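[1] got a sequence here, can you model it:
(chains A and B)
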Amino acid sequence: MLKTFPKGGIHPEENKITSSKAIKRIPVPKIVYVPIAQHIGIPSEIIVEKKDKVEIGQVIAKSGGFVSSNIHTPVAGTVTKLDMIVDSSGYKKQCIVIRTDQKNESNFEVPDFPLKKEITMDQKDILQHITDSGIVGLGGATFPSHVKLDLKNDNKVDCLIINGVECEPYLTADHRLMLEKAEEIIVGIQILMHALHINKAVIGIENNKKDAIAVLKEATRDDKRIKVAALKVKYPQGSEKQLIKAILKREVPKGGLPMDVGVIVHNVGTIYAIYQAVQYDQPLIERVVTVTGKNLENASNFWVKIGTPIKDLVAEVGGLPEGTRKIVNGGPMMGKAIKNTDVPVTKGTSGILVISEEEASRQESKNCIRCGQCVFVCPMGLEPHLLMNLSEKGLYERLSDEDVMTCIECGSCSYVCPSHRPLLDYIRFGKSIVKKLNTAKN
Amino acid sequence: MSDSVLNSVFLLVSLGVIAAIILYVVSKKFYVYENPLIGDVNDILPAANCGGCGSPGCKAFAEKLVDTDDISELFCPVGGNDVMKQVSEILGKEVAEKDPTVAVVLCQGGCDVRPKTTIYQGPRTCAISAMVYGGETDCQYGCLGDGDCVAVCDFGAMHMDENTGLPVIDTDKCTSCEACVKACPRDIIEMRPRNKRDLKIFVGCLNEDKAGIAKKACDVACIGCSKCEDICPKDAVIMTDTLAYIDPVACTLCRKCVEVCPTHSIIETNFPPKKVKKPKDVKTKAKKDKAEKVTADTAQVKSEKTQANA
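    Residues are numbered from 1 along each chain as shown, chains lettered A, B, ... in the order given. Okay, the predicted model is just below:
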């Protein structure tokens, strides 16, 4: 019997079209647009000016506080302007626009990081490298990694969980990374275990990625401290709280962090970025992005430099097919439709999903028939139909009492609703208001 | 037979008497004193319960007026100065006098001038679509067109124009309760002073983008050319980098800025159609008229004097 989380969950169609496609490189973009708000927390502060020459990997925006992150230039070139560009949030945000220097060879060298197993740094150096390299959670939430690793004395962490679940349909970026960089990921895990003095690590992978499970089991043969856990396929298992429950049967308290139950969770992509940062001093300037969609000709996985406009990626897979209605930044469940293809890839972009007209259109919302499907599938044990009604009627105090803030916005409720009610839209809205009210109170 | 009837009559009467005594005692014992002034003030208030004063309803506002010593900061926007004057008479406290205001929509980017570049399929409320993204057009400052302001208007003073997709305010019905101002996630509704003929001049745009981008997104966007600032004789136009704002207090409604605006983003309301004559002629004509009137008056006075003398 495979492990999984006990409450709720759904089984959307997997559609992992690109799981057999090796990660390719796309041509270096001519111009990159680097937003300064790519992570959760305080936006970074720009430290370059117009017409400045920058070298690849140079810091162009430095961390604006503790919960913030450095941003490095993904290409060598010239800062042409500091402009407002529509990013994946749908609003114009401050961006650093850099024109790639076509003569600079460092732009066109294919980065190569051979396996380097020895860990030479001490704890402090490792954490400093992770902070300086601008590493954030690459699973999509983009929470600055050094904040997670900054352990207070009273938090005793005994287990590191590596998130290789990738429960979102369509996406295969983590899957491919695990297949191609298994040894490096194991070294990355060892680095973190060394830095945090943890003796136990579990890699959680859903059972639809049997090849990745096999490869990682093979790679962990010599290190008995690291285990690979095959998990039953169920969405949203990639959520931190659900994953901890599935693997360790520990429940993160309401409003608490995984640290409170002695666990730290990191995505495999983040672990690989940590490996590069610690062993090769390489900042986070590129990531794996799955470009996929049922009608795409050459859907595949790519190493993409941060700041690459999405239109470059679309061109790489053979252009937009006819009848395209929506382009989603992220997966189909939690991703967000983008406004145009000039939107740049950011640290949180795990996939670009191109959806056709018939898949994209939302059906008309009808009355709630009290079937209870949304309650049944909610992994957090909430009552989505109630939360939606309260949010719609503006009863925000009640909404706060009903624990709306524990909602992980997985969208399972909207997915199953037979009346096609926009449950998540309203819950998300309610959450934003409750959050505002709470900050106003304090 | 008659016994049972008498018994039941006696029982009910005694029950009634006991209940009356209990009720009387309780009502005396737990009597809550309410200041009679609250009732008097409540009768004057417009009973709209719109929340425009900041209190949850008219009764709550009446209580607040009676309980607070200094009520100069409290104001009922629906009742206006008349109601506040009556309140002041009853309570013997001083009230502030405010100029009447009316809501205006600072966006005129209708469907015809502001092309839609994306399709939104989520719930049709401005609050949610504003949370999701910058709107269906390329202007992230303008009206979203889902009518949250119309939904909150308790006075039926607003409706959505079917052709433009923008809210329209019926200035006669607007009570300046500011419910729409609070409901709009884009802050495109502003309260501006109301005058007798409801004449207003304001910049109908909030787009802070650079000129080219703003103009591309919307034909009637303010491009920040500052022509209006240059021509304004009263310095009523406040320019930020890319946007003009007309200060309603300093503005004398001379309409010069309306003529020079290259994108027609300055709105004038309820003005009579402008005469084709040059401004200079108008001025001289006005002077001439005045001069004639003065002479006529003096002539009349003179004739009266002569009559009196005679």
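[2] how about the helices in the stretch 101-250 of chain A?
    A:123-132, A:145-149, A:173-180, A:182-196, A:210-219, A:240-248 (DSSP state H, counting those that start in this stretch).
[3] let's see the shortest one as CSV, backbone CA atoms only.
    Output for helix A:145-149, consisting of C-alpha atoms alone and laid out as CSV, is shown next (Å, rounded to 0.1, in the frame of the first residue of the first chain):
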residue,chain,number,x,y,z
SER,A,145,15.2,29.3,0.7
HIS,A,146,17.5,30.8,3.2
VAL,A,147,14.5,31.8,5.3
LYS,A,148,13.5,28.2,5.5
LEU,A,149,17.0,27.2,6.5
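[4] packing partners for it?
    If you count contacts as 3 or more C-beta pairs under 8 Å, 6 or more residues apart in numbering or on different chains; DSSP states H and E, helix A:145-149 packs onto helix A:123-132, helix A:182-196, strand A:263-267. Where C-beta positions appear, they are placed from N, C-alpha and C, glycine not excepted.
[5] what does it rub up against?
    A:41, A:66-67, A:69, A:127, A:130-131, A:135-137, A:192, A:195-196, A:259, A:264, A:266, A:270, A:274 (C-beta atoms under 8 Å, 6 or more residues apart in numbering or on different chains).
[6] check the gap between residue A:162 and chain B for me.
    Separation of residue A:162 from chain B (C-beta to the nearest C-beta, to the nearest Å) stands at 32 Å.
[7] would you enumerate the residues in contact with the closest residue in space to residue A:70 that isn't next to it in sequence?
    Leaving aside its sequence neighbours, residue A:70 sits nearest to residue A:134 (C-beta to C-beta, 6 or more residues apart in numbering or on different chains; 3.9 Å). Neighbour list for residue A:134: A:59, A:63, A:69, A:70, A:71, A:72, A:283, A:284, A:347 [criterion: C-beta under 8 Å, 6+ apart].
[8] switch those residues over to JSON lines; also include secondary structure, distance to residue B:236 and pLDDT.
    Formatted as JSON lines, the contacts of residue A:134 follow (DSSP: H, G, I helix; E, B strand; the rest coil; distance: C-beta to C-beta, whole Å; pLDDT from 0 to 100):
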{"residue": "A:59", "secondary structure": "strand", "distance to residue B:236": "46", "pLDDT": "93"}
{"residue": "A:63", "secondary structure": "coil", "distance to residue B:236": "44", "pLDDT": "91"}
{"residue": "A:69", "secondary structure": "coil", "distance to residue B:236": "45", "pLDDT": "93"}
{"residue": "A:70", "secondary structure": "coil", "distance to residue B:236": "46", "pLDDT": "93"}
{"residue": "A:71", "secondary structure": "strand", "distance to residue B:236": "43", "pLDDT": "94"}
{"residue": "A:72", "secondary structure": "strand", "distance to residue B:236": "48", "pLDDT": "94"}
{"residue": "A:283", "secondary structure": "coil", "distance to residue B:236": "52", "pLDDT": "93"}
{"residue": "A:284", "secondary structure": "coil", "distance to residue B:236": "51", "pLDDT": "93"}
{"residue": "A:347", "secondary structure": "coil", "distance to residue B:236": "47", "pLDDT": "93"}
